[in-house]
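show me the folded form of this:
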Amino acid sequence: MSKPSLTPLASVELAVGASSTVVLVIGVLVAALLVGGVMLGIRRRRREPAPPLPAEQPRRPGSGGHAEGTREPDGADFPADGGRRTAHEMKGYGNFGSKPQDGNPSDER
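So this is what the prediction gives:
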C-alpha cells in the first residue's frame, strides 16, 4: 500500500499545529522562569535582616536639627512699578558675586 499524499490544506493544518505547539512550549518556559524568579526573590528576602524596631530607629536631636531662617530681600530685586523683571533686565545681578561694590542697582556695566 502506498502512503496517501497530503493535500495543501492538511499540510497547512500540520504547520499551524506545530507552530502552536512551539508557542505553547515557549509560554510554559517563560511562566516557569517567572515562577522561579519569584521563588528566588522570596528566598533572598527571607535571608535579609528584619526591619529595625521602633526603639532602634534614630532619634531627632534635641535642638530640632534644622533652623528655619528668613532674610530681608534686597531692595533692587523688585521693580517699583509692581511688574516683574525678566532675565535680560537683571544687568549682572543673577550672581551675587557680580553686584557693584556700592550696592547701587541703577549702575550699568
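
check which helix or strand covers residue 80.
Using DSSP states H and E, residue 80 maps to neither a helix nor a strand.

same check on residue 36?
Using DSSP H and E, the element containing residue 36 is helix 8-47.

neighbours of residue 89, how many?
Number of residues near residue 89 (other C-beta atoms under 10 Å) recorded here: 10. (Glycine included, C-beta is placed from N, CA and C.)

where does the protein have low pLDDT?
Where the chain drops to pLDDT under 70, the residues are 1-15, 64-65, 72-79, 90-109.

if we use 90, what do you get?
Counting by pLDDT under 90, the chain contains low-confidence ranges at 1-24, 50-52, 54-109.

flag every buried residue along the helix holding residue 36.
Within helix 8-47, no residue is scored as buried using 16 or more other C-beta atoms under 10 Å.

same deal with stretch 50-69?
Per 16+ other C-beta under 10 Å, stretch 50-69 contains no buried residues.

what comes into contact with that stretch?
Outside stretch 50-69, no residue is within contact range by C-beta atoms under 8 Å, 6 or more residues apart in numbering.

any idea how far apart the tips of that stretch sit?
Taking C-alpha to C-alpha, to the nearest Å, the first and last residues of stretch 50-69 lie 39 Å apart.

same question, stretch 56-67
Start-to-end span of stretch 56-67 (C-alpha to C-alpha) is 26 Å.

which helices and strands does the helix holding residue 36 pack with?
Helices and strands touching helix 8-47, by 3 or more C-beta pairs under 8 Å, 6 or more residues apart in numbering; DSSP states H and E: there are none.
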